[in-house]
Structure formats: C-alpha cells, structure tokens
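Enquirer: I'd like to go over a predicted model; first the sequence, then the structure.
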Amino acid sequence: MSRRAALALGLLLVLVVAVVLGVRFGPVHLTIGQALRALLGEGTSTDRTIVLELRLPRALLGALVGGGLALAGATFQALLRNPLAEPYILGISGGASVGAVLVLSLGLATAGSWVLPLAAFAGAILAIALVFRVATATGRGMDVRVLLLAGVVVAAFFSACIAFILSISEARTVQSAVLWIMGSLSGASWRSVVLTAAYTLPAAALLMGLARPLNLMAIGEETAQYLGANVERVKRFSLVIAALITASGVAVVGVIGFVGLVVPHTIRLLVGSDHRVLLPLSFLAGAAFLTLADLVARMALAPTEIPIGVITAFVGVPFFLVLLRRSLSS
Amino acid sequence: MRFGTRDLAVRYAGSGAAALDGVSMEVPDGCLYAVLGPNGSGKSTLLKALLGVVPVQAGHAAVDGRDAREWTRRELARAVGVVPQGEVISFPLTVHELVGMGRYPYLGPLGGESEVDRSAVARALELCDVADLASRDVTTLSGGELQRVRIARALAQEPRALILDEPTTSLDIRHEMAILELLRTSADSGMTVMVVTHGLDMAARFADRMLLLSRGRVAAEGAPEGVLRAEVLEEVYRWPIAVATDPSTGMPRVTPLRSGGERRS
C-alpha cells in the first residue's frame, strides 16, 4: 500500500473514532457500548435522544465544517500562491461577524434559531462580493495580489464595525458576541447538518475535480496558461466555491481559526503538493481535527465549554511547529 | 511550426511608451531563433504576444499562420512548450510531478495518465539529463538543475516548438552550454526554437537567425553576421562596442569596451 493510501485510510479511521468518541462523551455519562447501541437505534430512549439528537449532529457538523475549512484553505493557498492564505483571508470572517454581532446587539437573535446563521451568512456574502468587486475593478481579469489586499482592507473595515457596535452594546450582548466570534458547535442540529452537507459536499467534489488545474495555478498563472489551463475561469470558479464553503461554515459555527491554515500545510508536508491527493486528505484531516477539537472543548473544563477556536489554536499551532521543524531538519 | 508578427504593437495599461511598436518578424520552421536587445526593449513582450497572453493593440501575432488569440490554451499548449522567466515555486513538489504537468494539455478532466504520458515524461527527463533527480523536491535544486527541469516540462508537452525566456541567465559555463546544445539538437530534429537571451556571443554560435530589438522596434534581423555589427550594437546598447571574428569559432565575438580606454587603472 502506498504512503498516500495508508495516510488516507488512517485519517478515515481517526475520523470514525473521533465521531464515536464525540458521541460517547458528554455531560451524561454513557459507556462505549451504550453509545454504539444508541447509534444503531437500540438501547433506552434517553440514550437514543442524547446520542442521535444531540451528540451525533454535533460531531457530524464538526466534521463537515472542519473538512470544508481545510479544503477551502488548501484552495486559497494554491490560488493566491501564498502559504499564509487561509479561508478567512478575503474578509469572510469579518463580514460574518458583523452580521452576527448586529443581530445579537439588536436583540433579533431570539426571533428564531435561523436568524443568527442567516445574518452571518449574509455578512460573509457581502464581504466576498466587496472583495471580488475590488479585485476585478481593473477590467483585466482578477488580480490575486489585489484580491489579497482587498481582503485585508475589507477585514479591517469590518473589525472597526464590530468594535463600534460592541462599544454601544450592553455587557451581556458583548459576551455572547465574543463567544460567537470565537466559534462553537453548540448550535448543532440535524437541520444545520443537512444544510451544511448540502452545501459543503457538492462544493468539495467540484473543487477536487479542479485539482489538476489547481496544481498548475500553484506554480504561477503565466505558466499555468502555457500548460493549457484556462486560468481566469479556474480562478473565479474555485475562489467562489471555496469562499462559499467558508461562508456556510462560519454562518453555523462562528469563526474557527487555524483549521484552514494548519491542516493543509500539515498534509502538504506529509504527501507533497499534488492537489489530487492534498484536497481529499485535507478534507478528511480537517474533519477529524475539528471533531476531536470539539470533544476537547466540551470535556476539558466540563461543564464549562471552552471556545473551540481556542482549542484548534492550542493544539494546532504546537503540532504544526513540531512538524515544520522536523521537515526542515530532515 | 512558424511564428510571425506584422506591424505588431503592444502597450501596457498605465505606461507611456509602447512596449512593442510596429514589429514585423518571421520565424521559419525548424529554426533556432534568438531574440536580443537591451533590458526593456520588448523581448519578453514579443514572446507573450505570440503566446496570446498580452492584449495586442495593432497588427498581428500569428502561430502557424493563425492569430495567436484564436488558439485555445489547450491547443497551443500541445503545440508550443514554454519556459517563462521567474517562476517561484513555494510549495513542495517533486521533479517528476513538475515535469508531469507538461502532460496537462493531453489529459481529460478526470482521466489518469496513460502509458503514452508516462513515457513522454520519462523521455523528457532523459533528454534534459535530470532523470536521476526525479524524486527530488524542486525547492532543493540548484539554478542549473531547476532550469533543465523546467525545459524537461516543456519537452514533456511533446511540442512542435519551444519558447524560452532567458533560459541560461545566471548559469555557469557547463550548464549554459548543456542547455544551448540541447536547444540546438531540438532545432536540428525539426523543432522551432525561439529564445530570448542576453548572451550575444552564444546566440551567434547557436542561432540560425536573430532579431535585435530596441525600444520596442526592430533594429536588425537576419543571420548572426549581419545583425552583430559594431555600429548597430553601439546604437542599440548605447555603449562603445567592438566586434571581431573569434578565431576558435569563426563567429562574431562582441566585446563591450571600457568607457575610459582599456588600460587597467
């Protein structure tokens, strides 16, 4: 078995284990046997409710969003030819946060569980539209350098908006806004799982279908053209798809950092930069990573839940640094 | 495979002077054609116009008699292999993977590489003498190795023509000669080769024909002996220049003279 196939199988196994652990652990103690029986639709009705209605959707949502963020990150890194690129680089997190904070401070979030994600998604779309508008303003195709700058500027503008809204909000609103911005899977439901899956999975398939042109783009747009790629089309298409995956993730779980930056780099260090391998493996690894991170976020200081973004950073950054050091010294 | 322009004019947005201004030239089939000129004289722009990646303001740039912009990227990539200048590879990638990218214009969106693709890559690696580097990470290669690998990628496209932008700049004697010999061999086997270079002496020895550009216009065109004349070169490069016949090669040798006379001070 090749190293890549072994890694793919290993990651799949880790993902399955992560989901099972996510189902097993929680405020109500379940044995692994009880959890597995409930997963299969057996056991007591309380166990089934806890497992099937609360913990399973949460674990699956974590997997979907984590996979989506890692995939989007890998795509942005290839298109922008910038190792520092990550899913939020186009100001998507800022736009989503403005939408969420606005809804929270106006007290509209109580109108229904769908209000907050919808507002966040609208904010994210607004950010994407703004940044793309700026990047294509020259009329000579989309310039990724301008895109990067536009992303930074738009993000800075949105942070100012957030600071302004929070400064005139009540303390309680500020706390819930900050918690939302730091990210959490606590709002998971089957509806959010289905919505996110309906969005993320086809988009992921489309991006993986673009793996070969993305390989060419990663070494330069001019070269990619000479090798036969339709650069402008590939660029627009994949940027929009990756941005939408990010927007849908941010809308349901808030801003979870580091997954989209660290996971693709880790996989790249292990298997190289062929996107035919890199994209699917990044998706698997991101899914497993975020599911496990959520488990730690829930259990480490139970019953207090730590924001999941804190865990992804605490775990992801040292792990990545160790890996980076090892690959540089070998 | 032929390249040609007629009264070609290219102007980049936001810059005053035209990058190319009324350039007419012709590269015949199977010719090793050198494009010369000072920095900023429009050499790279000429290549880009022939490859259909810069907007043409007036005139024509044609590949095999057909306007460059009428070719699809895929068609052109099957016909012309390009080694552009300044490619920065910032992600880990093996030599084999980079050369394998030359097969992109032949592959379907999902289909894998066939035996034909694999043997084209193997042949290209052999031709450029980089087969033993196949599993190396390209970011660890020396300048000369990377240049040969990039030429191998162009050859893996199995093109009928090669276009190279300063392929030997910053290479040592051995690597420069190896690449020029490879280009000469390719041209002798029927491939059309167009190369931008600052090496006038080398161009004189290897090229069949040459084009000397000056500020976006043609200063001279033709066989090396006709183009490399002191009075032409002095005007184009705005520097005192002597041209002599090199006794060991029998070809023109270009010597830029010191501004204050030749004595060491």
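Expert: Nice, thanks for sending it over.
Enquirer: how about the residues of chain B near chain A?
Expert: Residues of chain B lying near chain A by C-beta under 8 Å from any C-beta of the partner chain: B:13, B:51, B:53, B:73-74, B:76-78, B:80-82, B:84, B:87-94, B:97-98, B:101-102, B:104-105, B:107, B:109-110, B:153, B:157. C-beta: built from backbone N, CA, C; applies to glycine.
Enquirer: so which of these sit within strands?
Expert: B:Val80, B:Gly81, B:Val82 (DSSP state E).
Enquirer: in the stretch 151-265 of chain B, which residue sits closest to chain A?
Expert: Residue nearest to chain A within the stretch 151-265 of chain B (C-beta to the nearest C-beta): B:Gln157, separated by 7.4 Å.
Enquirer: how many neighbours does that residue have?
Expert: Residues within reach of B:Gln157, counting by other C-beta atoms under 10 Å in any protein chain shown, total 25.
Enquirer: quick one: low-confidence parts of the stretch 51-200 of chain B?
Expert: B:109-111 (pLDDT under 70).
Enquirer: could you pull out the helices for it?
Expert: Taking DSSP state H, counting those that start in this stretch as the criterion, the stretch 51-200 of chain B carries its helices at B:73-79, B:95-100, B:115-127, B:143-156, B:173-188, B:200-206.
Enquirer: which residues sit in contact with the residue of the stretch 151-265 of chain B closest to chain A?
Expert: Residues in contact with B:Gln157 (C-beta atoms under 8 Å, 6 or more residues apart in numbering or on different chains) are A:Leu227, B:Ala77, B:Arg78, B:Val80, B:Gly81, B:Gly102, B:Arg103, B:Pro105.
Enquirer: repeat for A:Leu227
Expert: A:Leu216, B:Ala77, B:Met101, B:Gly102, B:Tyr104, B:Pro105, B:Arg153, B:Gln157.
Enquirer: kindly recompute the last result at 7 Å.
Expert: Going by C-beta atoms under 7 Å, 6 or more residues apart in numbering or on different chains, A:Leu227 touches A:Leu216, B:Ala77, B:Met101, B:Gly102, B:Tyr104, B:Pro105.
Enquirer: ditto for A:Leu281
Expert: Shown in contact with A:Leu281 (C-beta under 7 Å, 6+ apart): A:Leu7, A:Ala8, A:Leu11, A:Ile267, A:Val271.
Enquirer: and for B:Thr245?
Expert: B:Thr245 touches B:Pro252, counting by C-beta under 7 Å, 6+ apart.
Enquirer: quick check: the gap between B:Leu46 and B:Arg229.
Expert: When distance is defined by C-beta to C-beta, to the nearest Å, B:Leu46 is 22 Å away from B:Arg229.
Enquirer: neighbour-wise, which of the two wins?
Expert: B:Leu46 (29 against 15).
Enquirer: checking the more buried one next. Helix, strand or coil?
Expert: helix (DSSP: H, G, I helix; E, B strand; the rest coil).
Enquirer: isn't it up against B:Ala19?
Expert: No - with contact defined as C-beta atoms under 7 Å, B:Leu46 does not count as touching B:Ala19 (8.8 Å).
Enquirer: need the ones in strands among the residues of chain B next to chain A in JSON lines (columns: neighbour count).
Expert: Shown next, in JSON lines, are those (neighbours: other C-beta atoms under 10 Å in any protein chain shown):
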{"residue": "B:Val80", "neighbour count": "25"}
{"residue": "B:Gly81", "neighbour count": "28"}
{"residue": "B:Val82", "neighbour count": "27"}
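Enquirer: nearest to A:Leu239 among those residues?
Expert: Nearest to A:Leu239 among those, counting by C-beta to C-beta, is B:Val82 at 24.9 Å.
Enquirer: not counting sequence-adjacent ones, nearest residue to that closest one?
Expert: Excluding its sequence neighbours, the residue lying closest to B:Val82 (C-beta to C-beta, 6 or more residues apart in numbering or on different chains) is A:Tyr226, at 3.8 Å.
Enquirer: wait, what's in contact with that neighbour?
Expert: Counting by C-beta under 7 Å, 6+ apart, A:Tyr226 has contacts B:Leu51, B:Ala77, B:Val82, B:Pro84.
Enquirer: and those, which is closest to B:Thr255?
Expert: Nearest member of those to B:Thr255, counting by C-beta to C-beta, is B:Pro84, at 30.6 Å.
Enquirer: could you dump stretch B:90-104 to CSV, C-alpha only?
Expert: Coordinates of the C-alpha atoms in stretch B:90-104 are reproduced here as CSV (Å, rounded to 0.1, in the frame of the first residue of the first chain):
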residue,chain,number,x,y,z
SER,B,90,6.7,28.0,-3.0
PHE,B,91,5.2,24.6,-2.2
PRO,B,92,6.9,21.2,-2.0
LEU,B,93,6.8,19.4,-5.4
THR,B,94,8.9,16.6,-6.8
VAL,B,95,10.8,17.0,-10.1
HIS,B,96,8.7,14.2,-11.5
GLU,B,97,5.4,16.0,-10.6
LEU,B,98,6.6,19.2,-12.1
VAL,B,99,7.6,17.6,-15.4
GLY,B,100,4.4,15.6,-15.3
MET,B,101,2.5,18.9,-15.5
GLY,B,102,3.6,19.1,-19.1
ARG,B,103,1.1,16.4,-19.9
TYR,B,104,-1.8,18.6,-18.7
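Enquirer: residues in contact with it: which ones?
Expert: A:81, A:83, A:212, A:215-216, A:218, A:227-229, A:268, A:272-274, B:113, B:117, B:120-121, B:124-125, B:130, B:133-139, B:149, B:152-154, B:156-157.
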